[in-house]
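Asks: Based on what follows, work out the 3D shape:
(2 chains)
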Number of protein chains: 2
Amino acid sequence: MNYELYYWPTIQGRGEFVRLALEEAGAAYRDIARERGKGAGVGALMRMLNDRHAERPPFAPPFLKAGRLVIGQTANILQFLGPRHGLVPKDHGGRLFTHQLQLTITDFVAETHDTHHPVASGLYYEDQKKEARRRAADFRKNRIPKFLGYFEHVLAKNARGDRHLLGAKLTYADLSVFQIMAGLQYAFPRTMARAARQHPRLARLHSSVQQRPRLAAYLGSARRIPFNEDGIFRHYPELDAP
Amino acid sequence: MNYELYYWPTIQGRGEFVRLALEEAGAAYRDIARERGKGAGVGALMRMLNDRHAERPPFAPPFLKAGRLVIGQTANILQFLGPRHGLVPKDHGGRLFTHQLQLTITDFVAETHDTHHPVASGLYYEDQKKEARRRAADFRKNRIPKFLGYFEHVLAKNARGDRHLLGAKLTYADLSVFQIMAGLQYAFPRTMARAARQHPRLARLHSSVQQRPRLAAYLGSARRIPFNEDGIFRHYPELDAP
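Replies: Numbers count the residues shown, from 1 in each chain, chains lettered A, B, ... in the order given. Okay, here's the model as predicted:
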């Protein structure tokens, strides 16, 4: 299957969780909005998004075209890809728990985004800086420890070893936790310097995922868009710990 | 199967999306934290939540015990229940789209919550009223129209008729959209009086779901907790349209 990923071309954003799964799977895919030419580019993304004839339109990017299916919502795309590429366990309970973890990551991502956009995603950061400072302070003090503490605990409790969130093999949830750790370290380096020491299993998962051959090749390539201040994980020093 | 639902006993909250599916299915379930006695009440919920021995702990309520499985995250629970109770289509594409809609509802619910808690869920509303006014204004002006417009459009595009979001039969996503409409009308009555007129298919879905025999019986019973100012949908007149 040759997948087509539709996502904004200049940010990692939510699309990156899908890119990581496709890259680790070694799947053939086109990153449509990053290509040029006919049927590609942001224009192609916008045409799909605004297609008034589509019976089952996506609400927002990312969405993945797989044959005749167009699948939206990051966690839903990952759930679709998981069984096809060995990125989930085979048993029903394991698949449910992988998805449950992914939805918890979804919540964490939304909260991370709102540290710099606590009032409105349609306003500039500059227009909500004051509110962002308050929200980011709470995020650093309460939310980062709560979420990281949870995932650290899940790693510790895995009966098959603490190198993965569940089971003995990598899942898409492990890939997404890697991305969370990488993003938070970019956005909140001072906060995360301490947090990484307090969450050794998460720090090790972060490091082991980025050393996987396919991931290492991807992360070192031009396909990996650098973190920047248009994405979810933004480095605004005033929002980090003093 | 006799389900056990674990959710806060005094609010509809996210647990309500699960209650609606269980009620429409006519499923046998216990709402553990609302019962009294041994193994019940909030104490039982907290013991499950804080059980340091659980291999696969939930991050937060709601979670559902189904035999040996403990399933967390609202959309994940609904996805689990759907096929068992005829609340999703049988085909893979239909199930993916139902879940995609549910995850869009999840996003909408989180944004609704943040209208009264834009800074921190751990702070009182009174400590973030000023930020809440700004966020709610944007929510009314931009986000309600965007989400409702999307679901109205999905209803209109359903090849099997505009009485359901997809297919010819009720899905758990229809139930959740009913809950969104009910909740928004409670929280933002002035905004929604206008919005209901502008989204006639959603208004009809809202009305037809609440007339389904099992749902009508549930909504008229003491099992349906009234909306209140501790839940997601709170009626703060200062956050509604003037």
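Asks: Quick one: residues contacting A:L170.
Replies: A:L170 is in contact with A:E24, A:L87, A:H164, A:V209, A:R212, counting by Cβ atoms under 8 Å, 6 or more residues apart in numbering or on different chains. C-beta: built from backbone N, CA, C; applies to glycine.
Asks: which residues of chain A fall in strands?
Replies: For chain A, the strands defined by DSSP state E cover A:3-6, A:29-31, A:63-66, A:69-72.
Asks: Chain B is nearest to which of those?
Replies: strand A:69-72 (4.8 Å; Cβ to the nearest Cβ).
Asks: coming back round to it: will you turn the strands of chain A into JSON lines that also has mean neighbour count, distance to chain B and mean pLDDT?
Replies: Shown next, in JSON lines, are these (neighbours: other Cβ atoms under 10 Å in any protein chain shown; distance: least, Cβ to the nearest Cβ, whole Å; pLDDT from 0 to 100):
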{"stretch": "strand A:3-6", "mean neighbour count": "22", "distance to chain B": "14", "mean pLDDT": "98"}
{"stretch": "strand A:29-31", "mean neighbour count": "18", "distance to chain B": "18", "mean pLDDT": "98"}
{"stretch": "strand A:63-66", "mean neighbour count": "22", "distance to chain B": "9", "mean pLDDT": "98"}
{"stretch": "strand A:69-72", "mean neighbour count": "21", "distance to chain B": "5", "mean pLDDT": "98"}
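Asks: ok, residues contacting stretch A:160-168?
Replies: Identification of contacts with stretch A:160-168 by Cβ under 8 Å, 6+ apart yields A:89, A:94, A:97-98, A:101, A:151, A:154-156, A:158, A:170-171, A:173-174, A:177, A:201, A:204-205, A:208, B:56.
Asks: Which single helix of chain A contains the most residues?
Replies: Secondary structure assigned by DSSP state H gives helix A:92-116 as the longest helix of chain A.
Asks: Report the buried residues of that one.
Replies: Judged by neighbour count (16 or more other Cβ atoms under 10 Å in any protein chain shown), helix A:92-116 contains these buried residues: A:95-116.
Asks: Summarise which helices and strands it is packed against.
Replies: Applying 3 or more Cβ pairs under 8 Å, 6 or more residues apart in numbering or on different chains; DSSP states H and E, one finds that helix A:92-116 contacts helix A:74-84, helix A:129-138, helix A:144-157, helix A:172-187, strand B:69-72, helix B:74-84, helix B:92-116.
Asks: between the ones you listed, which gets nearest to B:I232?
Replies: Closest to B:I232 of these, according to Cβ to Cβ: helix B:92-116, at 4.9 Å.
Asks: Return the angle between stretch directions for the closest one and helix B:74-84.
Replies: 150 degrees (axes from the mean of the first three to the mean of the last three Cα atoms, to 10 degrees).
Asks: Quick one: distance of helix B:92-116 to the chain centre.
Replies: Offset of helix B:92-116 from its chain centre (Cα atoms, centre = their mean, to the nearest Å): 9 Å.
Asks: what does stretch A:234-242 give?
Replies: Its chain's average C-alpha position is 20 Å from that of stretch A:234-242, according to Cα atoms, centre = their mean.
Asks: buried set for it?
Replies: If you call a residue buried by 16+ other Cβ under 10 Å, then stretch A:234-242 has these buried ones: A:R234, A:Y236, A:L239, A:A241.
Asks: Contacts for it next, please.
Replies: With contact meaning Cβ under 8 Å, 6+ apart, stretch A:234-242 is reached by A:115-116, A:125, A:129, A:132-133, A:136, A:140, A:186-191, A:194, A:227-229.
Asks: what do you get for stretch A:62-79?
Replies: The contact list for stretch A:62-79 (Cβ under 8 Å, 6+ apart) reads A:1, A:3-7, A:13-15, A:17-18, A:21, A:48, A:54, A:56, A:58-60, A:80-81, A:87-88, A:95, A:98-99, A:102-103, A:105-106, A:172, A:176, B:93, B:96, B:99-100, B:103-104.
Asks: Swap in 6 Å and give it another go.
Replies: With Cβ atoms under 6 Å, 6 or more residues apart in numbering or on different chains as the test, stretch A:62-79 has contacts from A:1, A:3-7, A:14-15, A:17-18, A:21, A:58, A:80, A:99, A:102-103, A:106, A:172, B:93, B:96, B:99-100, B:103.
Asks: still on that earlier bit, quick check: of the buried residues of stretch A:234-242, which lies closest to chain B?
Replies: Using Cβ to the nearest Cβ, the shortest approach to chain B within the buried residues of stretch A:234-242 belongs to A:L239, at 13.2 Å.
Asks: Tell me the pLDDT of the closest one.
Replies: pLDDT recorded at A:L239 is 98.
Asks: same check, this time on A:M1
Replies: Predicted confidence (pLDDT) for A:M1: 72.
Asks: quick one: it from A:P57, how far?
Replies: 22 Å (Cβ to Cβ, to the nearest Å).
Asks: Contact residues of chain A facing chain B?
Replies: Proximity of chain A to chain B is confined to A:55-56, A:59, A:69, A:71-73, A:76, A:93, A:96-97, A:99-100, A:103-104, A:110, A:118-120, A:122, A:131, A:134-135, A:138, A:142, A:150, A:157, A:159 under the rule Cβ under 6 Å from any Cβ of the partner chain.
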